[in-house]
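Asker: have a look at this prediction, sequence included:
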Amino acid sequence: QVQLVESGGGLVQAGGSLRLSCAASGRTFSLYTVGWFRQAPGKEREFVAAISRNGGSTYYADSVKGRFTISRDNAENTVYLQMNSLKPEDTADYCCGARVDFTSALPMSVKAYDYWGQGTQVTVSS
């Protein structure tokens, strides 16, 4: 089992940048595929990005491709989401999910992830 804690959210102007962190407990973090998701008020949670266990594979939602970068440091048990060129429509609560995975799959479905953090709020002003 793994526990996840997100940090790094805040208020930023459009065009600005933020880096989110997803810190995990446990000594087997390298076994987990990790995804970032976001949920805006009144909307369903949506996929943002995912990264494989060793960081060699990544996948992004079309809406963030070219602006966001997901990465991980398994020695630090942390996954990052670097967000550049932020837009007001990026405003949401961002959370990370994790799943033990021995394949190369990078699922986009919320249901595919077993463990979740509490989230961190990102607000982008216009």
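Answerer: All right, it came through fine.

Asker: what's the separation between the most centrally placed residue in the chain and residue 58?
Answerer: Centroid check for the chain by Cα atoms, centre = their mean gives residue 36 as the closest residue, at 2.3 Å. Distance, residue 36 to residue 58, by Cβ to Cβ, to the nearest Å: 11 Å. All C-beta spots, glycine's among them, are computed from the backbone N, C-alpha and C.

Asker: quick check: neighbours shared by those two?
Answerer: Residues touching both residue 36 and residue 58 (Cβ atoms under 8 Å, 6 or more residues apart in numbering) are 49, 50, 70.

Asker: turn the residues you listed into CSV, columns for neighbour count and pLDDT.
Answerer: Formatted as CSV, these follow (neighbours: other Cβ atoms under 10 Å; pLDDT from 0 to 100):
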residue, neighbour count, pLDDT
49, 25, 98
50, 26, 98
70, 25, 98
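
Asker: one step back: tell me the SS of the residue nearest to the centre of the chain?
Answerer: strand (DSSP: H, G, I helix; E, B strand; the rest coil).

Asker: pLDDT score for it?
Answerer: pLDDT for residue 36: 98.

Asker: got any ranges where this structure has weak pLDDT?
Answerer: The chain contains no residues with pLDDT under 70.
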